[in-house]
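Novice: Sharing a sequence plus its predicted fold:
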Amino acid sequence: MVMISVEEQVAIFLLTVGHNERNRACQYMFQHSGQTISKYVNVIVRALCQLGMENIRRPNDETPSKIRLNPRYNPYFQMARTYQYVYIHQNSQGFEIENEPYHKMYWL
């Protein structure tokens, strides 16, 4: 069993997600097997899901009173606010990523 540092695990995850690198490219760059790369990407995804439940909150939709009450700034904040929410759920099949309400994707 291959044990790699947390820093290397995060680097593999960031390279995979941030640069859309394929497993094969990560294998070459980090000199680990495809199974190891997949395993540690999933470890980081699980850790982020756990952190997300504890630390990630919805944005506050309220405009600060300093802006809301000032006629000079207020017109710029009257437009509708649009957010893209992504929900990650763990179920018996693995992780379900839901880009509500239209797209669903499963990770094992």
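Specialist: Received the coordinates, thanks. All of these numbers come straight from a predicted model, not from anything done at the bench. Residues are numbered from 1 along each chain as shown.

Novice: only C-alpha atoms for contact and neighbour calcs from this point on.
Specialist: Will do.

Novice: average model confidence for the helix ranked longest in the chain?
Specialist: Determined from DSSP state H, the single longest helix within the chain is helix 34-55. When pLDDT is averaged over helix 34-55, the result is 89.

Novice: And the next helix or strand past it?
Specialist: helix 65-68 (DSSP states H and E).

Novice: List of residues touching the longest helix of the chain?
Specialist: 2, 9-10, 12-13, 16, 23-24, 26-27, 88, 108 (Cα atoms under 8 Å, 6 or more residues apart in numbering).

Novice: List buried residues within those.
Specialist: 9-10, 12-13, 16, 23, 26-27, 88 (16 or more other Cα atoms under 10 Å).

Novice: Tell me which of those fall in helices.
Specialist: Using DSSP H, those in helices are 9-10, 12-13, 16, 23, 26-27.

Novice: can you list the residues you listed in TSV and add distance to residue 73 and pLDDT?
Specialist: Shown next, in TSV, are these (distance: Cα to Cα, whole Å; pLDDT from 0 to 100):
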residue	distance to residue 73	pLDDT
9	45	94
10	41	93
12	44	94
13	41	93
16	41	92
23	48	92
26	48	92
27	51	93
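
Novice: Give me the neighbour count for residue 25.
Specialist: 13 (other Cα atoms under 10 Å).

Novice: ditto for the one 5 residues further on
Specialist: Residue crowding around residue 30 was assessed by other Cα under 10 Å; the count is 12.

Novice: and if you look at residue 40?
Specialist: Neighbours of residue 40 (other Cα under 10 Å): 19.
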